[in-house]
Each structure stands twice: as structure tokens, then as C-alpha cells.
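1. The sequence and its predicted three-dimensional model are supplied below.
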Amino acid sequence: MSGAGRVSALLPWQQPQWDNLQSRIAQDNLPHALLLTGRRGVGKLHFARQLGERLLCSDDQPAPCGQCKGCRLISAGTHPDLKVIQPPQDKSVISVDQIRELTHYLSLTSLCGGYQVVLISPADAMNVNAANSLLKTLEEPPANTLLLLMSDRPSALTATIRSRCQVINFEKPAHDSALAWLKNEQPALDTKTANTVLELADGAPLRAADMVTQGALNQRTEMLDDLEQIAAGRCDPIEIAKKWLKLGKKESLYWVYGWLVDMVRMKVANQPPYIANADIASRLSKIAATIELPLLYKRLDQVSEALRLADNPSLNAELLLEGVLIGWTPRR
């Protein structure tokens, strides 16, 4: 994929990282490869797009002008010197063929006479062959090339890949900053709901905004209804697994994992515990009251393992969900 539509202004909590790179650009000391790390939803891809736009802008200013030919091409999603590498639709892996195509692309001269900028997101989606192929480019990078790798899980990248990139980490912003940004992005959101969504997104503002857009709170309510029905023996877990698969295997597993964590906290805390799903705490408390603590831990381990396996393309995702849900059926 080349080009990429123009992004909005820099996210406010990313200013320190931006200023650091602007200083390096001014000194003509920009590395050829950066690894942007941080939890999902803090804006790594957003930052990378903004940096790419800055480098491809003809106006030598700290922010892209939005008016030059380069900026107009980016706005149209047709800039020939900006390439985005992501897993193909409905796949979770970046293949070696995609990286080989990238290698050929970088062997060509910049069509606009400046930088060639490549975004790889998420970099940990590369399979072994793809990572090995990219390593050759990282070892002998073409001039005026910037590779921007993004990862929520940098430890999943090979040590050799990490060693050839300079790491820029993005922490989650302070709660007040994240809340202000989220309410500005979602004006119809009341403060209580905004706080709830931010908690569920682990403080990551862009993830929280996506959850609002996708109706995640309604989805969560529906899924908890399903789980209660399974636990009461009134619902077939195999049918529910098919339904949840359409909602997203990892998203479904994340919800169940979060509920179980909250239920364990309710069981073990000597004082009122922190509960991420605070708005449905009473429902979770009723479920927790019917389950012994060792069984809660067992189910938590099972969901954690399912999440670990969820990215494996060779595993049947529906069977993975079935295995989790069948454990909730009443014993006979």
C-alpha cells in the first residue's frame, strides 16, 4: 500500500518525542530506522504518519504545511514515496512477499526527489522469513530512507531487528489529558461514560475512541448476557462461539479476560478493589459469588492462553472460543 490519507494534528502527549526528532532532522541526524513502542491505542501509527508527512513536505518547517505538492499527494493517499506495510485484510501476518516487494521499492529512486518513508504496522506481525528479509534492508539501508516500525509487543521482534532500530517509546498519557482528548473527539460522550471507556481501554485514548465508534459497550453488555445464559444452561456455547467469532476473536477474549480479572479482585480484596468494569460491577459480583476462587483462576489461565494462541493462523479460532465457553456450562 502506498500513499496514506493525511492525518490530523500531532497528539498532544506526543510532543516530547516529536520535538526530539525535529531536533535531529534539523541536525541532519535522523536514524534510518525507528521502532515506535507503547501499548495499543497510544497513537504510534498516527505519529508515524505525521512524521512521514513532515519529511515529505516541501516546506522545511517543524510541521507539514498541508499545501505543497507532497502534502496534497499525502492528503489524496497517492504519495509515491510513502509506503505502508500491514497484514492483508482478513490476515494477521506480514508475509515475506510483502517485504521482498518493499526491498524492490526501496531499490528505486525517490520519485519526488526526497525521502522514501516506510511504515510497518504492526512490525511484530512479520513472520520469520519476512523479518529475516527486512533485516538485510536494515543492515544496508538506502540513502534518504526512513523505516518506521510500530509494535505493541517489541519483545516479539527478533533481537537483531530491535538492535538495528532506535527505539522511541510512548507511554499512555495522564488521565486528564486522555479524557480531554477523548471528549473532544467524541463530543456526545458524557464524562462518566468517557471515564469508563478509558478505563476499559487501559488509558489508551485512541483505543477508547475506537471502542466508542464501534459500539463496544453495547457489545460488552450483549456478550455478558450470553455468558450468563451459558452459565445458567439456557444457551449453547457452540452457537455463542460462532456469534462471538463475528464480533472478533481477540476482542471477545479480551472482554472475558477483563471480567475474570475483576471477579478475582472482588474475591481476594480486603477492601473495595479497583474494578475496570465498574459500571457492571454488580453483575460481575453476582457471577463471582457462584464460582470458587480456584476455578476463577483456572478460567483466567485458560483465557490468557487462548489470547496467546489467538494470533496463530493455523489454529481454528471458533474452536478456541468454544473451548473457553464450554467451561462455563453448568456441571451435571
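-> Looks like it arrived, so ask away. Numbers count the residues shown, from 1 in each chain.
2. domain parsing for this protein?
-> According to automatic domain parsing, the chain is divided into the following domains: 12-169, 174-213, 215-326.
3. got those domains as CSV, with mean neighbour count columns?
-> (C-beta placed from N, C-alpha, C; glycine too.) Conversion of the domains of the chain to CSV gives the following (neighbours: other CB atoms under 10 Å):
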stretch, mean neighbour count
domain 12-169, 17
domain 174-213, 17
domain 215-326, 16
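4. Go over the secondary structure and confirm Gly233 is in a helix.
-> No - for Gly233, which was evaluated using DSSP: H, G, I helix; E, B strand; the rest coil, the result is coil, with no helix membership.
5. Surely it is in contact with Pro330?
-> Yes - here Gly233 reaches Pro330: they are 4.7 Å apart, a contact under CB atoms under 8 Å.
6. For the helix or strand that contains Met266, C-alpha coordinates in CSV please.
-> For Met266, the element it lies in under DSSP states H and E is helix 249-268. Extracted in CSV, the C-alpha atoms of helix 249-268 (Å, rounded to 0.1, in the frame of the first residue of the first chain):
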residue,chain,number,x,y,z
LYS,A,249,-12.0,-13.4,18.5
LYS,A,250,-9.4,-11.3,20.3
GLU,A,251,-11.9,-8.6,21.2
SER,A,252,-14.2,-11.3,22.7
LEU,A,253,-11.4,-12.9,24.6
TYR,A,254,-10.2,-9.5,26.0
TRP,A,255,-13.7,-8.9,27.4
VAL,A,256,-13.9,-12.2,29.2
TYR,A,257,-10.3,-11.8,30.5
GLY,A,258,-11.2,-8.4,31.9
TRP,A,259,-14.3,-9.7,33.6
LEU,A,260,-12.4,-12.6,35.2
VAL,A,261,-9.6,-10.2,36.4
ASP,A,262,-12.3,-8.0,38.0
MET,A,263,-14.0,-11.1,39.6
VAL,A,264,-10.7,-12.3,41.1
ARG,A,265,-10.1,-8.9,42.6
MET,A,266,-13.6,-9.0,44.1
LYS,A,267,-12.8,-12.3,45.7
VAL,A,268,-9.3,-11.6,47.1
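7. So for Arg6, what's the pLDDT?
-> At Arg6, the predicted lDDT confidence score is 39.
8. Equivalent analysis for Asn132, please.
-> On pLDDT, Asn132 comes in at 96.
9. the helices in the stretch 1-150 of the chain, which residues?
-> 15-26, 44-56, 69-76, 96-107, 128-139 (DSSP state H, counting those that start in this stretch).
10. Quick one, which of these gets closest to Asp225.
-> With CB to CB as the measure, helix 44-56 is the member of these nearest Asp225 (33.6 Å).
11. which residues are contacting that closest one?
-> For helix 44-56, the external contacting residues (CB atoms under 8 Å, 6 or more residues apart in numbering) are 4, 6-7, 9-11, 14, 17-18, 21-22, 25, 36-38, 62-64, 70-71, 73-74, 79, 81-82, 112, 114-115, 117, 119, 121, 146, 148, 150-151, 170, 206.
12. what's next to stretch 228-235, contact-wise?
-> Asp226, Pro237, Ile240, Arg283, Ile287, Thr290, Leu325, Trp328, Thr329, Pro330.
13. Which of these sits closest to Lys136?
-> Of all the contacts of stretch 228-235, the one with the least separation from Lys136 (CB to CB) is Leu325, at 44.5 Å.
14. how much does the strand or helix carrying that closest one deviate in direction from helix 249-268?
-> Taking DSSP H and E as the criterion, Leu325 maps to helix 317-326. Compare the direction of helix 317-326 with that of helix 249-268 by axes from the mean of the first three to the mean of the last three CA atoms, to 10 degrees and you get 20 degrees.
15. Please tabulate the helices of the stretch 1-150 of the chain in a markdown table and include distance to Lys192 as additional columns.
-> Rendered in a markdown table, the data for the helices of the stretch 1-150 of the chain read as follows (distance: least, CB to CB, whole Å):
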| stretch | distance to Lys192 |
| --- | --- |
| helix 15-26 | 29 |
| helix 44-56 | 26 |
| helix 69-76 | 37 |
| helix 96-107 | 44 |
| helix 128-139 | 44 |
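16. lowest-confidence stretch among these?
-> It's helix 69-76: among these, that one has the lowest mean pLDDT, namely a mean of 88.
17. From the contact counts, what lies against that helix?
-> Using 3 or more CB pairs under 8 Å, 6 or more residues apart in numbering; DSSP states H and E as the contact criterion, the elements in contact with helix 69-76 are helix 44-56.
18. how about the helices of the stretch 151-300 of the chain, start to end?
-> Per DSSP H, counting those that start in this stretch, the stretch 151-300 of the chain has helices spanning 159-163, 175-185, 191-200, 205-213, 216-231, 237-247, 249-268, 281-288, 293-309. These are given in chain order.
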